[in-house]
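[1] Need a 3D model of the following:
(one chain, ligands or ions: 2)
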Amino acid sequence: MFRTGPVTVEVPATSANLGPGFDAFGLALDLTDTVTAELVPGGLEIEAAGEGADAVPVDESHLIIRSMRSTFDRLGGQPAGLRLTSENRIPHGRGLGSSAAAIVAGVLLARALVRGGAEQFDDAEVLALASELEGHPDNVAACLLGGFTIAWTTDGRGRAVRSEPKGVHPVLFIATESSSTHTARAALPPSVPHPDAAFNAARSALLALALTQGRTELLMSATEDRLHQPYRAAAMPASSALVAELRRAGIPAVISGAGSSVLALVGDQDQVTPARAYTPQGWRSLALAIGEGAALTAS
Ligand SMILES: Nc1ncnc2c1ncn2[C@@H]1O[C@H](COP(=O)(O)OP(=O)(O)OP(=O)(O)O)[C@@H](O)[C@H]1O
Ligand SMILES: N[C@@H](CCO)C(=O)O
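    Ligands and ions are numbered 1, 2, ... in the order given. Predicted coordinates:
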């Protein structure tokens, strides 16, 4: 039933929400983790290097391993032994989709280690399982498909479409403090005022149009949000202050995912360096290209 491997996958960082598109919008970024898996006669071996390597567990609770286990279960059973190595470049707990990348890597690697896995478990199944494991589909959609993605959930299954953003140059401001997605989601109220929902519906539609048609002059209005950022601001004051400062300077900026990093969608390449001048002390900034979706690079 199994292939011994090794198999390797490149999975991109992603920025979710993009302001108004809470749990729906995602943007893949050209910053990837490289993860390799192979079957061994017995046991579990994990070697991690780079971002978060000292903090991730090296047992069955490792997120990539848990995702591989879930996938093997769907494909008929577990192998005798597994060896995993990862080169992590995506910072953890910074709103850059590290958990989505880990989940997508695990699902794709397990599928590749099963003979006929891709026929039994197609890409729509991968997206549905990865969304279920992550709890929401926005980051995993962008990680799998690349580009700008719109994701939604029907009957509990994550679904998504990819489109091509035009004329935007993402600049990431990577915070020193981490923020757990779990905690950031707990800060959200169970319901929101109807006018706020209407406010975000208009901005989301506008942002999809602005990004796909290169209408960068709409980005300031299109990145406004009332559904999540206001409720999370107190938990990430430095990030919220940077978003406000960039926006005062006319640079469309949002909290990246559940924070704590900040994403600016710069509409003019010449404005990338001036935008990076706002990087707070101790933070890092990166000007990144739009990323491609997860890809198996060797098998
Ligand atoms: N390469 C990896 N290997 C193992 N575990 C990982 C890996 N990447 C992320 N994780 C796990 O996911 C956690 C971070 O998930 P969390 O959802 O809080 O933040 P994020 O995914 O970086 O940000 P966001 O979801 O807002 O984009 C890490 O603390 C770690 O437990
Ligand atoms: N849409 C998610 C992204 C973070 O994983 C959130 O904001 O909670």
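
[2] CA atoms for contacts and neighbours, from now on please.
    OK.

[3] got any ranges where this structure has weak pLDDT?
    298-299 (pLDDT under 70).

[4] all strands of it, in order?
    7-16, 25-40, 43-50, 81-88, 148-154, 157-163, 169-174, 253-255, 262-266, 284-287, 295-298 (DSSP state E).

[5] Count the neighbours of residue 137 for me.
    For residue 137, the neighbour count with other Cα atoms under 10 Å is 30.

[6] near ligand 2, which residues of the stretch 151-299 of the chain?
    With Cα under 6 Å from any ligand atom as the criterion, the stretch 151-299 of the chain meets ligand 2 at residues 181, 185, 257-258.

[7] So among these, which ones count as buried?
    Buried members of these, scored by 16 or more other Cα atoms under 10 Å, are 181, 257-258.

[8] quick revisit: any chance of the residues of the stretch 151-299 of the chain next to ligand 2 in a markdown table, plus distance to residue 96?
    As requested, those are exported to a markdown table (distance: Cα to Cα, whole Å):
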| residue | distance to residue 96 |
| --- | --- |
| 181 | 11 |
| 185 | 15 |
| 257 | 7 |
| 258 | 9 |
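
[9] Which pair of these spans the longest distance?
    185 and 257 (10.6 Å; Cα to Cα).

[10] ok, stretch 15-30 near ligand 2 or not?
    Yes. Against ligand 2, stretch 15-30 shows contacts by Cα under 6 Å from any ligand atom at 16-17, 22-23.

[11] and which of the residues you listed is nearest to ligand 2?
    residue 23 (3.7 Å; Cα to the nearest ligand atom).

[12] Report how many residues lie close to the closest residue to that closest one other than its chain neighbours.
    Excluding the flanking residues, the one nearest residue 23 by Cα to Cα, 6 or more residues apart in numbering is residue 138, at 5.2 Å. Counted with other Cα under 10 Å, residues neighbouring residue 138 total 32.

[13] so what's residue 138 up against?
    Neighbouring residues of residue 138 by Cα atoms under 8 Å, 6 or more residues apart in numbering: 16-17, 23-26, 131, 149-152.

[14] so residue 50 sits right up against residue 87, yeah?
    Yes. The criterion here is Cα atoms under 8 Å, and residue 50 meets it with residue 87 at 5.8 Å.

[15] Give me the more crowded residue out of the two.
    residue 87 (17 against 13).

[16] Against residue 163, how distant is that one?
    Separation of residue 87 from residue 163 (Cα to Cα, to the nearest Å) stands at 28 Å.

[17] next one: residue 83
    Relative to residue 163, and taking Cα to Cα, residue 83 is found at 36 Å.

[18] between these two, who's got more neighbours?
    residue 83 (18 against 15).

[19] wait, what's in contact with that one?
    If you count contacts by Cα under 8 Å, 6+ apart, residue 83 has them with 37-40, 44-46.

[20] Now with 6 Å, please.
    37-38, 44-46 (Cα atoms under 6 Å, 6 or more residues apart in numbering).

[21] give me phi/psi at residue 137?
    Residue 137 has phi and psi values of phi -90, psi -10 when expressed as degrees, to the nearest 10.

[22] Make residue 1 into 4 and carry on from there
    Got it, first residue is 4 now, which makes that one residue 140.

[23] Could you give the number of residues near the residue lying closest to it once chain neighbours are set aside?
    Once flanking residues are discounted, residue 140 sits nearest to residue 134: 4.5 Å by Cα to Cα, 6+ apart. The local packing of residue 134 (other Cα under 10 Å) involves 26 other residues.

[24] and if you look at the one 5 residues further on?
    A total of 22 residues lie near residue 139 under the criterion other Cα under 10 Å.

[25] quick one: the helices in the stretch 54-203 of the chain?
    Along the stretch 54-203 of the chain, the stretches classed as helices by DSSP state H, counting those that start in this stretch are 66-77, 101-115, 120-123, 126-137, 141-148, 184-189, 197-215.

[26] Fine, thanks again, bye for now.
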